[in-house]
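In: Got a predicted model here, sequence first, then my questions.
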Amino acid sequence: MRTVQKLFLVVALSLLTIRPASAPFIPTTLSDLMAAKNLKCTFTSAIGINPAKPWPTTKSIAVKEVLRFDHIDHQKGTARLIAAVNIPGSPDEESTDVVVSANSAGIYFTEVAQMVTTVTFVFAEQDGNGRFKVASSRYFQSPLPAPGVIGMVAPSQEYGTCEGWK
């Protein structure tokens, strides 16, 4: 009986490795992601609190935001975040140091500023185009009520993909 169970297990595991010839093979290894010293993340959709509705009503929106992480150093746990700034009179881009950590699911970057904390998680899983999936959660708290915002907190989450860049 044990021999039959072992044989069944071997056959079942073998079947898991078979895929149709038309299916792309997408490596999902953490080592590919960990080898990147620079990542460019492009976000295309977001979910945030809808300021026109009672808390915690959310709304989905399309976005076009790019975050770049460079000088990623896993030994030191540091990286630099370069982000576009959409404020008239400000520089086109600003950079700040962030903390970088990793686990078996991917790499995450943490930025803590005066009024905002952002955690960007790059998953060790790729989409059909070979880009790593990413989600970025932002927690904003205004010291004063902002126009169009009910209350003083405005959490949001953005979704997109990341790829290595030079």
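Out: Perfect, I can see it now. Residues are numbered from 1 along each chain as shown.
In: I figured Asn50 hits Ile61, correct?
Out: No - Asn50 is beyond contact range of Ile61, at 9.8 Å (criterion: Cβ atoms under 8 Å). Where you see a C-beta, it was placed from the backbone N, CA and C, and this is true even at glycine.
In: what about those two, which has more around it?
Out: Using other Cβ atoms under 10 Å, the more surrounded residue of Asn50 and Ile61 is Asn50, with 15 against 11.
In: can you pull out the strands in this protein?
Out: For the chain, applying DSSP state E gives strands covering 39-49, 58-73, 78-84, 93-103, 106-112, 116-126, 132-140, 156-164.
In: who does the first one pair up with?
Out: Which is strand 39-49. strand 58-73 (antiparallel), strand 156-164 (antiparallel) (DSSP bridges).
In: Now distance to Leu81 and mean pLDDT too, for these, in TSV please.
Out: Listed next are those as TSV, based on distance: least, Cβ to Cβ, whole Å; pLDDT from 0 to 100:
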stretch	distance to Leu81	mean pLDDT
strand 58-73	6	91
strand 156-164	13	93
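In: Now Arg49: closest residue in space that isn't a chain neighbour?
Out: Residue 49: Ile, not Arg. Ala154 (5.6 Å; Cβ to Cβ, 6 or more residues apart in numbering).
In: Ok, Lys133 next?
Out: In space, and not counting its chain neighbours, Lys133 is closest to Phe123: 4.4 Å by Cβ to Cβ, 6+ apart.
In: how about the strands of the chain, which one is nearest Leu30?
Out: Minimum separation from Leu30 across these (Cβ to Cβ) falls at strand 116-126, 4.1 Å.
In: May I see the buried residues of the closest one?
Out: Thr118, Val119, Thr120, Phe121, Val122, Phe123, Ala124, Gln126 (16 or more other Cβ atoms under 10 Å).
In: Can you tell me which of those residues is closest to Asp73?
Out: Out of the buried residues of strand 116-126, the member with the shortest distance to Asp73 (by Cβ to Cβ) is Val122, at 15.3 Å.
In: Would you confirm that the closest one contacts Phe132?
Out: Yes - using Cβ under 8 Å, Val122 is in contact with Phe132, at 5.2 Å.
In: Common neighbours of the two, please.
Out: With Cβ atoms under 8 Å, 6 or more residues apart in numbering applied, the overlap between the contact sets of Val122 and Phe132 consists of Leu33, Leu39, Gly106, Cys162.
In: Identify the residue with the minimum pLDDT among the residues you listed.
Out: Among the shared contacts of Val122 and Phe132, Leu33 carries the weakest pLDDT, at 89.
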